[in-house]
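Undergrad: turn this into a structure:
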Amino acid sequence: WPDETLCPDGPLAACKLAALVASEGSLDAQVDAVETYPHLYEVLETDRKRDLMAAVEELVRAEFDEERISAIDGVHVRTDEGWFMIRASGTEPKIRYRAEARDEADARRLLDLAKGFLGDASDR
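TA: As a prediction, this is how the structure comes out:
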């Protein structure tokens, strides 16, 4: 709530939450109203995460339009069906990849696409 404070503020958050419940009803009802999507997640253990991530980014940029890609923290790609992300762990020798879409089949296809980019990067 930058209009009220620029610092983390637990008591303010509690007040905001209480006001939300007072005006909108129970949190259970509000959470139930939020649409959810299949979210798939896998991990690749590797000691080459820096090299693999550089190759993944290059491969993804060759495949997708620039406006669909974000490389702020890993490689995140938005598609018409959903999105996938490939990201190196900051603390472990692992690369995590995940996908989300409106249905399970599209989420699986996007996760497989991410896994394919990692496989192609490993072959380099």
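
Undergrad: next one: phi and psi at the closest residue to Pro93 other than its chain neighbours?
TA: Take Pro93 and drop its neighbours on the chain: the residue closest to it by CB to CB, 6 or more residues apart in numbering is Asp47, 5.2 Å away. C-beta coordinates here come from the backbone N, C-alpha and C atoms, glycine included. Per-residue torsions, Asp47: phi -100, psi 10 (degrees, to the nearest 10).

Undergrad: quick check: closest non-adjacent residue to the residue nearest to the spatial centre of the chain.
TA: In the chain, the C-alpha nearest the mean C-alpha coordinate belongs to Met85, at 5.5 Å (CA atoms, centre = their mean). Nearest residue to Met85, sequence neighbours excluded (CB to CB, 6+ apart): His76, at 4.5 Å.

Undergrad: any idea how far Leu27 is from the one you found?
TA: According to CB to CB, to the nearest Å, His76 and Leu27 sit 29 Å apart.

Undergrad: those two: which is more packed in?
TA: Counting neighbours by other CB atoms under 10 Å for His76 and for Leu27 shows that His76 has the greater number, 17 against 11.

Undergrad: am I right that that one is in a strand?
TA: Yes. Applying DSSP: H, G, I helix; E, B strand; the rest coil, one finds His76 inside a strand.

Undergrad: tell me the helix or strand right after the worst-scoring helix or strand of the chain on mean pLDDT.
TA: Least confident helix or strand, the chain: helix 27-32 with a mean of 90, by mean pLDDT, DSSP states H and E. Using DSSP states H and E, the next helix or strand after helix 27-32 towards the C-terminus is strand 39-45.
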